[in-house]
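Student: Okay, here's the prediction I keep looking at, along with the sequence it came from:
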Amino acid sequence: MTDSPLTLFNSLTRQPEEFRPINAGEARVYTCGPTVYNYQHIGNMRAYVFADTLGRVLSWKGYDLTHIINITDVGHLTSDADAGDDKMEKAASESGRSAWDIAKYYTDAYWRDIERLNIRQPAKWSIATEHVEQMIDFAKSIADKHCYELDSGLYFDTSTVPDYGRLARAATDEGESRIDPVEGKRQQTDFAIWRKTPEGETRQMEWESPWGRGAPGWHLECSVMSKMYLGETFDIHTGGIDHREIHHPNEIAQNQAHSCSADTGANIWMHNNFLVDRAKDGKSSKMSKSAGEFLTLQVLVDKGVHPLAYRLMCLQAHYRSELEFTFENLLAVLTRLKRIVMVKEQLNDDAHGHSPENRNEIPSEVQAFIDHFDEAISDDLNTPKALTVIDELADQKQIWAGHRLMGLFEIDKVLGLGLNGLARSSLRIRPASAEITEGEIEHQLDLRAEAKLNKNFPAADAIRNELVAKGVEIMDGDPLRWEWRIEP
Ligand code: AMP
Ligand code: ZN
């Protein structure tokens, strides 16, 4: 257990609040997960790096964490409000594959990225289509008092709960504007609890219900699954800031209807800001699947960038700030990660040959740095500040290297860079477009070193030019000793 009190920004009250768990020693967290009709882009993945960092901090501070992330494989329309087609059905009809196949394919792709970003497994991945029965039960329990039926489905009357939209009022204008295509809705903000399949049609994903054959509205799943796995009221609910506008206010309304109280269902609602792209006109905008280059983690890897460099990029910004993505920034972060790994390897080397008596304990001089780290991370997860402790700690030459290394590994439990298992060689990734293998490069470099040794400079230059022509940049005298890099 570490000592600094943990303060988290609550979007609901719009202020930082000390984390006080509902059950002493426990932390129950729910994170809105992906809609699996397509790959997640790196902006989406920022939301999970944030939720993972929160989870790691809670565990590190000694709380017994139960973290649930859902997989949305039904119900999410192309607009977060009740407009457009179901994203899953639309992807199915466009690709000629079944909605179920699509869900499986993109869930697997998402899980691969989760692993590559060193995001810890939650207690459970709760899958929406596996909980439809419970969703129907939940809807039945609130239907009489809070819902009304139209030809298109069962709708939630947002005037029946206290202070509807309180969370959204904290939002700026990032969310999408509300569109109201459904005839007969009492309030523009009312939303679908159940969408009936139109007469004469069949959907790939549909179930029988008291309101006819159809599918649940998107917001229902999170109220149902969070309560099922975490209890009626739990500690923290997270998501991207677009969820402050529609999805989370609607979850809150459902929760209030269900508990017949003003309780929003979670004590703290937390939202990560967007990863943004800078367009050619110089303006920044939210990275999305529909605009600009579709950047997945795989695209970064194909360009020769290790996925954990993207994790470090996320940590370099505070989760409540926008983060602008450029490749130049990412390459700079990759260099920082390489430096950190070199520091680790150096400490490891330096630790050998000398072994103090208290070799297995973290001494107070190192603990002082861990405490600084704790202070920063406990201040609403100030990861950019917390990261500076790495260099500060590494620089303490008077402290035995082995102890500095222990300190580094201790703070990495929170940062999640996986430093223990990360070698310099694992950070060198061959871009997908490279015309040459690593073995060939190493061989050419050996020949070049030999030529230089024999003072045969024309031969050495010829090898260099040949490598450059194949996209290999040789970094003679590279202070990081990385020696070569393939240009993406
Ligand atoms: P979706 O798959 O669209 O349901 O989104 C998954 C998660 O990514 C949600 O928590 C969104 O709020 C979040 N998100 C979407 N776009 C971005 C972005 N550009 N930057 C950060 N988070 C995002
Ligand atoms: Zn949700």
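Tutor: Okay, I see it. Ligands and ions are numbered 1, 2, ... in the order given.

Student: The nearest residue to Ala432 once chain neighbours are set aside: neighbour count?
Tutor: Using C-beta to C-beta, 6 or more residues apart in numbering and skipping the chain neighbours, the partner closest in space to Ala432 is Asp302 (3.9 Å). All C-beta spots, glycine's among them, are computed from the backbone N, C-alpha and C. Here the number of neighbours of Asp302 (other C-beta atoms under 10 Å) works out to 16.

Student: Could you do Ile370 as well?
Tutor: Quick note: Ile370 (other C-beta under 10 Å) scores 18 neighbours.

Student: go on, the one 10 residues further on?
Tutor: Close neighbours of Asp380, defined as other C-beta under 10 Å, add up to 18.

Student: Ok, Pro34 next?
Tutor: Residues near Pro34, counting by other C-beta under 10 Å: 25.

Student: Do I have it right that the residue nearest to Ala432 meets Ser433?
Tutor: Yes. Judged on C-beta atoms under 8 Å, Asp302 makes contact with Ser433 at a distance of 7.4 Å.

Student: just to revisit the earlier point, separation between the residue nearest to Ala432 and Tyr48?
Tutor: Using C-beta to C-beta, to the nearest Å, Asp302 is found at 21 Å from Tyr48.

Student: can you list the residues of this protein near ligand 1?
Tutor: The interface of the chain toward ligand 1, taken as C-beta under 6 Å from any ligand atom, is made up of 32, 34-35, 43-44, 46-47, 239-240, 242-243, 272, 274-275, 286-287.

Student: at 8 Å instead, please
Tutor: Within the chain, the positions adjacent to ligand 1 are 31-36, 40-41, 43-48, 72, 76, 238-243, 271-276, 286-289, 323 by C-beta under 8 Å from any ligand atom.

Student: Of the residues you listed, which qualify as buried by neighbour count?
Tutor: When the residues of the chain next to ligand 1 are checked for burial by 16 or more other C-beta atoms under 10 Å, the buried set is 31-36, 40-41, 43-48, 72, 76, 238-243, 271-276, 286-287, 289, 323.

Student: Give me the subset of those residues that lies in helices.
Tutor: Judged by DSSP state H, the subset of these located in helices is 43-48.

Student: what's Thr35 in contact with, if anything?
Tutor: Neighbour list for Thr35: 72-73, 76, 87-88 [criterion: C-beta atoms under 8 Å, 6 or more residues apart in numbering].

Student: any chance of those residues in JSON lines, plus pLDDT?
Tutor: Formatted as JSON lines, these follow (pLDDT from 0 to 100):
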{"residue": "Thr72", "pLDDT": "95"}
{"residue": "Asp73", "pLDDT": "92"}
{"residue": "His76", "pLDDT": "79"}
{"residue": "Lys87", "pLDDT": "85"}
{"residue": "Met88", "pLDDT": "86"}
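
Student: nearest to Ile102, of these?
Tutor: Distance to Ile102 across these (C-beta to C-beta) is lowest for Met88, with 6.4 Å.

Student: Quick check, the residue in the stretch 301-450 of the chain closest to ligand 1?
Tutor: Leu323 (7.8 Å; C-beta to the nearest ligand atom).

Student: ok, for that residue, nearest residue in space, not its chain neighbours?
Tutor: Closest to Leu323 by C-beta to C-beta, 6+ apart is Ala317, at 4.2 Å.
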